[in-house]
Every structure is written in structure tokens, then in C-alpha cells.
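1. My questions concern the predicted model and sequence given below.
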Amino acid sequence: MTGFLQDIGLSYELAVLVAKALGVAVVGAFGLLWTLLGIWIERKVAARFQDRVGPNRVGPFGLLQSIADAVKIILKEDIMNRHVDRWPYNLAPILSTLSVMLIWAVIPFTAAWVGADLNVGVLYLVAVGSLGTVAVIMAGWSSNNKYALISAFRAVAQLISYEVPMVISLLVPVMLAGSLSVQAIVKSQHIAYLFAVPMTVLIFLISGQAENGRGPFDLLEAESEIVAGFHIEYSGMKFGMFYVGEFLHAFTLSVLTALLFLGGWQGPLAEKIIPLGFVYLLLKSVFVYFVLIWVRMTLPRVRIDHLLNFNWKFLVPLSLINLLVVAFLWKLMPDTDQINSFADALGPTLVLFLANVVMFAGVAWWLREWARRDREHIEARRAVVAEPAEATAAAGD
Amino acid sequence: MILNEWVFVGLFFLLGPVLLVVPIALSKWLAPKRPTPIKQDAYECGAEPVGLAWKQFRAEYYIFALVFLVFDVELVFMFPWALAYNKLGLFALFEMVIFVLLLVVALVYTWRKGALEWS
Amino acid sequence: MIPLWMYLVVAAGLFVIGMFGVLSRRNAIAILMGIELMLNAVNVNLVAFWRYQTPTKLSGQAFAAFVFAVAAAEAAVGLALIIGIYRRKRSVIADDVNLLKW
Amino acid sequence: MDITAEAIVFLLLSVLTLGSALLVVTTRNLFHAALYLMLALFGVAGFFVLLAAPFLAGFQVVVYIGAIAVLIILAVMLTPSVTRLPRIYNAQWAVNLALAVVFFLLLFSVLTPVVDDLGISGTWGANFTQNSPADVPASSVSDLGEALVDPQQYMLPFELASVLLMGALIGAALLVSPTARDDEDAPHESGQGA
């Protein structure tokens, strides 16, 4: 690519710049176009969960439905509230999608295709992801609508709360791989980290789903309470931008899970035949995406106090314990800094897996105990309430 | 050149918004525009809005942001630790245990104080 | 390459702007924003000196990292104070908080 | 200094940072000021990248933009009656402005080689004449990690940072927690204030 550009008369630096700009366009456009397919996948899968057929009119299997929707939404009138705060209002949808799109800059698609292999890649992911919170607050505040504002406050509480366990679980692959570069983390997975640290994966997925504001955690939008929340005042393509951002976010979360825990592009022959890695990555990501849709379709929305209690009183302590346990075992095992093959990775993976099984059992036991005590507590209170009522009823007779 | 990888990121920051502005601009150009006063009111499920939304809200939300801020800084400090962990001795683990314990003490205090309750 | 003094001048500019904000704004939150600007100016200085004078020792970067911690603590307590004052006095104007003044 | 790509980026970042910093202290609407603050902080993160400290750039965005600025915006939202004050500056603002300008000129004359070039004084400038930085070791990112937890280097500040943050969290939570509100002290008339 660079060679070709130099041939047509550009200087080396300019050629690199143009090649990189093209790379940005390809990666960005891929992300956006994938969203169209992703929406179709999600609608089809969701329809199956609800015993429906899903989109099936436009194109074969309804494949072109998303394109039809895109055209429709572009042609919609953009209704703007008279009292909005214009600049933040117009910037918010762009920032919302941008914060997700920027993640794609550091994603290694194969052994050779990677936009920017930053040596602080994971930190970059966290940093860029936190811009999404800002976008939600901007949208909520600038809309000048009470529902939007309530949603913005909920967003602050939810998005930032769940960022904590997510970042803690991101630390685990960083620690195991000894690198912040996403590509290096993928390469260090001779056995996918899923088998070594399933607990971390679970925490990552739960908090990621909450960060995304979907699934049982869709309080930001909660169409039945605050009628779509922070983007209530948006219509036309600006609303479409939030929509695209949300879907892209869900898929990006799946890609990140695939990269950090499922071995990314690794698979048989992926090092030799480079494009094969891309296929592996897509397959793994779509699998995770399916699981996320499954969760979303299965669980009812949680209440905000439950949501926050679950995070601060359960998920955060659990992820901290998990991190320290993994760190402790990792330090106890010899030669963990030189794992270069499947055979090297087998021992540590087994040990960590067993530790995770023990942790899972412990958490399950603790949750049972907690539920039992909670139930007893409630029943005891009910008994206290019921007795005087009976007494008065008797006196009344 | 050490910045080479960042050129791509920088370009992403510059070109990414362009990619996103294109559909919005397209919509601005193609879509009809027939504003009426009622259409341009804040949407409150049909009821007429009373006043603007920029009113004071409860401080409950603020405590969570506060706890988050403190946790966030600590997490950021844990990144270098996790990165260098393979090269460090067992000592690093104890150090992190103390670090995390201090954090947990603060969390538990806030918890016991009832600040984490959603009232 | 960019000479060191250019970074220092930008940092100085940032510091002075922040200082003006701290000294002149009436709103306590705006004053806090000015403080953040000043802290950032200091960080730019620290990192620039690290880069140009002792790139093999990490003291500049490490100090900048601790400045982050201090800034976070300062923002947390400062804003909590402002919210507390607002609850009592319904005002966040720094001049209104003059209970200890005589 | 010849015009290189780096110089252009530096110039753009300077304009971005200083421009939005100026807007932070001059904007009337505090919500906008907070957004400009984010922009200024973002520019500083750009400087960190340019200075080959990507770790700090990440810190900057996560801590300052993702947390501190969000907290500030939240505080602005919680105290909304003052987003549009009649006067945003106090009585001494003109003096402060003069002070700031003088201070900046002083710093400028010390930091830059301009004064020395004019030949006014040989000892005034601080002579920060390093024009090109030395190479940063390739492992500087993980070196920072080691340095922070190394008992020989920054272990104590590292732990102290944790203590400081613990204190900050406890103090701040105490200040804003609902139980901390003693209502008898609160003013009875509600709509006083600005």
C-alpha cells in the first residue's frame, strides 16, 4: 500500500499518512457496516427467543431490513426541542458512537492486521470507553427534558459504578500476559484465558453488559418508565446515531471478550494463513454476542437500588478477591513469566481453573446463605406485621 | 519513531467524527423540516411541560460518583502493577493486598455509614 | 523537534489561566476547575522535564501519577464541601461563605 | 524549529488546550465550562502522548475526563441555580487579570531564550535549551510499573496515595451522606442565595 502510494509520487511520510487514513476509513466503516448486520442478527435471534420469525420481508431472510431502516431514519424529520442546549445536544450522539468506534483502533483482527498496536492498549480501551459516560450526560442535560435528566443521573450512577468491576477484571489478562498491548495478550493465550479465569470472564461480561446499558441493566432507557431516557429528545439520524452506538457497543464488547479471554484470532493455522484469524475472531465474537442477546432476552430489568447494591456490595468485592486470588496463585507457580507453548500453559491453567471452581462454589454457597437469611428476615417481619392485624380484627368482632 | 502507532489513533480521532457526521448531514439535507411550536416542546408523554428540566436533583447520585472517582484512581494505579507483576517478587502481592485493603476499608466505611443505600 | 521551552511556555499559559480562574471566579465549582487547570500545567511541566532531561529515570512520570491521586482526592473533598455548603446556604458563591471572616 | 508533523500537532494541541482553558474561565454557563475543561484536559493528554508518556495520557483521560470532570459536571447539575450568575467574576478580577498577565510575561521571559537573544541580560533566562529529547527506553511503560511498586523507589508514595484516597473517600462520603444533614442548622427560608 505504502509502496504503491510512493510510486504515484508521494513522499514517504505522506504515503504512510494516507495509508493510515485509509486504514482508519476501512476499520471505521467496517464497524459501522457490521452494525447493520449485527442489528439483523440481534432481531432475528430475539425473534426466535420470542417465538416470532423476525425481519423477513426485505431481501433474502430479511437481510436488507437494516439498510431499509437506515434509509428511513435518514429521511425522518429531525425534531428539536426549543429549549435544548444546542452544542452539547448535537455533539452527544456523535461522541456516543465515537467512544465505541475509537475502541476499534486497537483491535488486532489477525496476527498481522492491527490498526495501532499500542503498548498501553488496554488502558486506551478503558480511557476511550469512559468518554461514553460523558456523551450520555451531555445528551441528558442538554435535552432539557425531565426524563432525559433522570436518565442522565441514572447513567452516572450505573455506568460509572460498573466501570469499576470491569476494569478490575481487565487487569487479570494484563497480569497473566504481562503486557497492556491487546495483540500481546492475544498472542500469550496458548490456552484461552477463559479456561484459566472463568470467574473473571463472568464479571467482565456482567459489567460490560451494564456498561452497555442493555439486557437486565437497561435502566438508562427503560422505555416503560422514563420513555427511552437520555435520548428521548432525539429523533431522525441523531437518534439513529445513539442506536448505532448501542449496537456497536454490544458487538465491541463481544469482540473484546473474544480477544482478551477467548484467544482472539488464534486457532488452527491462524499464524500461517493470516485471513483465517479474522474468521476465527468473528466466529468467537458472534458466539459471545449470541450469549449476550440470550441474557438480554431472558432476564427482566432490575431496579436501580438492586443494581447499585449488586455492584458495590457484591461485584466489586468479588472482583477484588478474584484478582488477588489469581495474582497469589500466579506468583506461587514457577516459571509463569515464560509460557511459550500449550504445554507450558497447561499446568497454570489447570491450577487456576481449580481455584476458580472453588471460588464459584464458595460464591454459590454464600449466595444461598444470604438468600436464606433474607427470606427468614422477611418472614419474621411478616409475622410481626400479621399478628397485630389479627388482634385488631379479633377486637373488632 | 515512537509516535508511529499513535498516528493511527490520532487519525481515528480526526476522521472518526467525519464518518459519523456524514449520515447526520445527509439527513439534514434530505429530511423534511416542518417545525411547529407543539412539536418543539419537550416530550413528556403528551402532558404540557411545566418549567425547564434544569432543576435541582438529589445528592444520592453524587455519592456513587464519589466512590467511583476514588476507585478509578486506585484502579489506574493498579495497571502498572499488573503490567510489571511477572517481573516482581511476592512482595508486590503483599503491597497490593495492603493497597486493596485500604480501599476496602473506605468502601466498608461508606457502606456502614449508609451512604451506599438508595433511599 | 520541539524545544523544551515551548512545552514550558504552554504549561505556564495553562497555569496562569487557571490562576486567573481561581482568583476571579465567584462560583466555587468554577474555582475548582481553575485548580484542575493549574494542576495539569504542573503535570505538563513534570513530564516535559522528564522527557528532555532524565528520560531514563522515571521520577517525572511517577510524580505526575501521584499528582493525579492528589487531584482526585482534592476534587472529591472539594466538591463534597461545595455540595455540603450548597445544602446549608443554598449558594455556591465563594464570597458568601464568610462565617469565619471578620 | 522547522515545520515538522510533530510541530504542527504541537501547535494544534496548544491552541486546543489554551483556547479551551480560556473558555473554562470565561464561560458563563458552568455546564459548558465543564465541557471545555474536558477539552483542555484532553489536549493535555495529547501533550503526554507527544512527550512519549502514553501511560500518563491514559491516566489523564481515565482519571480526569472519566472521573473528575464527570464529578464536576454532576456538582454543576446539583447546584443549578447558579449556572447563569449575573456576575461571574468577583470585585478584584481586573487586578487578578493584570497579575496573571504580568506573571505570564515574567515566566515567558524566564523560560524562553527570547530575552537572552535580545541581549538584555545574560543571567535572566533559565536556559532550557534542550532542543531534542533523548531517546526513551522502549520498556518505559513497564519500567514505570516496576518503579511504582519497587520498595527502593516509589513504594511508600504508592501506599500513601491509597491512604490519601481512603481519607478522601471517607471524608467526602461523610460530608455528603444523607445522615450528615442536621436539619436544625439549615436555613428556614428556602429561596435565599444567588
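-> That came in fine, so what should we check first?

2. okay, and for the stretch 251-397 of chain A, where does confidence drop off?
-> Judged by pLDDT under 70, the stretch 251-397 of chain A has its weakly predicted residues at A:386-397.

3. Enumerate the residues of it near chain B.
-> A:304-305, A:308-309, A:312-313, A:316-317, A:320, A:323-324, A:327-328, A:330-331, A:336-337 (C-beta under 8 Å from any C-beta of the partner chain). From N, CA and C alone the C-beta is placed, and that goes for glycine too.

4. Chain D contacts on the stretch 1-150 of chain A?
-> Residues of the stretch 1-150 of chain A that fall close to chain D, judged by C-beta under 8 Å from any C-beta: A:13, A:85, A:87-88, A:118-120, A:123-124, A:126-128, A:130-131, A:133-134, A:137-138, A:141, A:149.

5. Which segments of chain A make up each domain?
-> Here the domain assignment for chain A is A:1-75, A:79-387, based on automatic domain parsing.

6. any idea which of those is most buried?
-> Of all the domains of chain A, domain A:79-387 has the most neighbours on average by mean count of other C-beta atoms under 10 Å in any protein chain shown, namely a mean of 20.

7. ok, and residue 47, which helix or strand is that part of?
-> Since you didn't name a chain, this refers to chain A. Secondary-structure assignment from DSSP states H and E places residue A:47 in helix A:12-49.

8. Correction: the question concerned chain D.
-> When elements are assigned from DSSP H and E, residue D:47 belongs to helix D:30-50.

9. could you say what helices and strands the helix ranked longest in chain B packs with?
-> Longest helix in chain B by number of residues, with DSSP state H as the criterion: helix B:4-30. Based on contacts counted as 3 or more C-beta pairs under 8 Å, 6 or more residues apart in numbering or on different chains; DSSP states H and E, the elements that helix B:4-30 packs against are helix A:12-49, helix A:65-74, helix A:86-101, helix A:236-261.

10. could you give me the average pLDDT of that helix?
-> Helix B:4-30 shows a mean pLDDT of 82.

11. The helix or strand just after it close to chain A?
-> Scanning forward in sequence from helix B:4-30, with DSSP H and E defining helices and strands, the next element found is helix B:60-84. Yes: counting by C-beta under 8 Å from any C-beta, contacts between helix B:60-84 and chain A involve B:61, B:64-65, B:67-68, B:71-72, B:75-76, B:78-79, B:82-84.

12. Which ones, among those residues, also lie beside chain D?
-> The residues of the residues of helix B:60-84 next to chain A that also fall near chain D, by C-beta under 8 Å from any C-beta, are B:61, B:65, B:67-68, B:72, B:76, B:79, B:82-84.

13. Generate a ChimeraX selection restricted to the buried entries among the residues you listed.
-> For selection in ChimeraX, the members of those meeting the burial criterion (16 or more other C-beta atoms under 10 Å in any protein chain shown) are listed in this command:
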select /B:61,65,67,68,72,76,79,82,83,84
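
14. re earlier: hey, what's the angle from the helix holding residue A:47 to helix A:86-101? Just curious.
-> With axes from the mean of the first three to the mean of the last three C-alpha atoms, to 10 degrees as the criterion, the two stretches helix A:12-49 and helix A:86-101 enclose an angle of 90 degrees.

15. for the record, mean pLDDT for helix A:12-49?
-> Rounded to a whole number, the mean pLDDT of helix A:12-49 is 81.

16. name the helices or strands packed onto that helix?
-> Under the contact definition 3+ C-beta pairs under 8 Å, 6+ apart, helix A:12-49 sits against helix A:2-7, helix A:65-74, helix A:86-101, helix A:236-261, helix A:274-298, helix B:4-30.

17. near chain B, which residues of chain C?
-> C:65, C:68-69, C:72-73, C:75-76, C:79-80, C:83, C:87.

18. out of those residues, which are inside helices?
-> C:65, C:68-69, C:72-73, C:75-76, C:79-80, C:83, C:87.

19. Switch these over to CSV; also include distance to residue A:371 and neighbour count.
-> Formatted as CSV, these follow (distance: C-beta to C-beta, whole Å; neighbours: other C-beta atoms under 10 Å in any protein chain shown):
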residue, distance to residue A:371, neighbour count
C:65, 42, 28
C:68, 41, 24
C:69, 39, 24
C:72, 37, 26
C:73, 38, 22
C:75, 39, 28
C:76, 35, 29
C:79, 38, 28
C:80, 35, 26
C:83, 37, 23
C:87, 38, 19
